[in-house]
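**Q** Predicted coordinates and the sequence they were generated for:
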Amino acid sequence: MEHKKFLAFWGWKSLPWNEPVALDRLYWQERTQAICSRLLFSLSRTASLFVVSAPPGHGKSTLARWLYHRIDPIGHDVALFSLLHHESKSGWLLTRLGHYLGLDESRCQPRTIIQQLHEARLHGKVLTIMIDDAHKLTTPEAFDEILSLSHVQSIISSRVNFVLLGNPRLMQTLQQLDGIQHRLSLWTLLHPLNRNELASYLSHRLEWLQLPHKTLQSDALAVIAHHGIGTFANLDAVIEACLVEAFFRDQRSINADVMMTAMQFLGLQKATDEATGEATKTKAPSPRRRTPPASPSKPASPNAAMDLNSLYYKSGGGHDPEET
């Protein structure tokens, strides 16, 4: 019943965030748009390696989905792999690539796969292999097949490119590899949203949710900017939590108070509260004027607000939804 009331309150037939945003309605920062343009242009150069890195929540998987559908299908074949667990040894890629080429387990051998790739070359197409969560390749050995398939193209024109997307651990592992620099056509980072981009993205998000821009008030935007929330994943989570909180309060706007409550439920304010508490502890006491003692006949009453405040902060908790 509450679910139906919530949908009716905001004028929705179903929860909009249960469906991915259409590819033609994605929000891209100007810097990310430049990366996308360079990627699409450079993929025609074969035997290349493209690396895109960013902490969780910056839109890497969305970028992979966009790129998968945006690459020209006339000149390219695209294989998109997402790593579900960590790989530390060589050999993991051959099986996946063999299955993509239609080979059974017994034929997933390097020679057979290279031959299949060479035959695909006769059709004039480039094979782009995209690997999402590539930071799960935890050792240099896990990149053996990627480097080997890149090197072998100097002998056999199999025309294969690799696009690796992962968090900053990917960069650290790649720096341990010898001979990778001359294979790199792109090595770039995705950056968090700055304040101007933050306002633009939230406006875009509200429009996608079919809500007026004035739903998010300026004081609420200031709270988000103050806490440094600049990733797509966290911003989406905050907006969803704010809409739920506003519904419970029976108000169709998101102000600073709604924003603070939503962030507390998500655990995004905990670090700031702790830092504020530490600063308060270390702050030098201000000089006080001596006051006469309280009259014995009128004992001082306990400060109820202070007691509640103390209990409130002690009951805080939650966790950061973004992995580190």
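**A** It's in. Numbers count the residues shown, from 1 in each chain.
**Q** residue ranges with poor pLDDT in the stretch 151-300 of the chain?
**A** 153-158, 270-300 (pLDDT under 70).
**Q** Now do the strands in it.
**A** In the stretch 151-300 of the chain, the strands defined using DSSP state E, counting those that start in this stretch lie at 160-166, 184-189.
**Q** Tabulate these (a markdown table), appending distance to Thr261 and mean neighbour count.
**A** C-beta: built from backbone N, CA, C; applies to glycine. What follows is those, written out as a markdown table (distance: least, Cβ to Cβ, whole Å; neighbours: other Cβ atoms under 10 Å):
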| stretch | distance to Thr261 | mean neighbour count |
| --- | --- | --- |
| strand 160-166 | 34 | 24 |
| strand 184-189 | 33 | 15 |
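**Q** in stretch 27-42, what's buried?
**A** Tyr27, Trp28, Gln29, Thr32, Ile35, Cys36, Leu39 (16 or more other Cβ atoms under 10 Å).
**Q** Report the rounded mean pLDDT for that stretch.
**A** The average pLDDT for stretch 27-42 rounds to 91.
**Q** which residues touch it?
**A** The contact list for stretch 27-42 (Cβ atoms under 8 Å, 6 or more residues apart in numbering) reads 48, 50, 52, 59, 63, 66-67, 70-71, 163, 185-186, 188, 190-191, 193, 197, 200-201, 204-205, 232.
**Q** tell me how far it is from the chain's mean position?
**A** 17 Å (Cα atoms, centre = their mean, to the nearest Å).
**Q** In CSV, list the C-alpha atoms belonging to it.
**A** Output of stretch 27-42 as CSV, limited to C-alpha atoms (Å, rounded to 0.1, in the frame of the first residue of the first chain):
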residue,chain,number,x,y,z
TYR,A,27,24.6,12.7,-18.9
TRP,A,28,28.2,13.1,-19.9
GLN,A,29,30.7,15.7,-18.6
GLU,A,30,32.6,17.6,-21.3
ARG,A,31,35.8,15.8,-20.3
THR,A,32,34.0,12.4,-20.6
GLN,A,33,32.6,13.4,-24.0
ALA,A,34,36.1,14.1,-25.2
ILE,A,35,37.2,10.6,-24.0
CYS,A,36,34.3,9.0,-25.8
SER,A,37,35.1,10.8,-29.0
ARG,A,38,38.8,9.9,-28.8
LEU,A,39,37.9,6.2,-28.1
LEU,A,40,35.5,5.9,-31.1
PHE,A,41,38.1,7.6,-33.4
SER,A,42,41.1,5.5,-32.2
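**Q** Quick one: buried ones out of the contacts of stretch 27-42?
**A** Buried, going by 16+ other Cβ under 10 Å: 48, 50, 52, 59, 63, 66-67, 71, 163, 185, 188, 190, 193, 197, 201, 205, 232, out of the contacts of stretch 27-42.
**Q** before we move on, back to that, tabulate the buried residues of stretch 27-42 (a markdown table), appending secondary structure.
**A** Converted to a markdown table, the buried residues of stretch 27-42 look like this (DSSP: H, G, I helix; E, B strand; the rest coil):
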| residue | secondary structure |
| --- | --- |
| Tyr27 | coil |
| Trp28 | coil |
| Gln29 | coil |
| Thr32 | helix |
| Ile35 | helix |
| Cys36 | helix |
| Leu39 | helix |
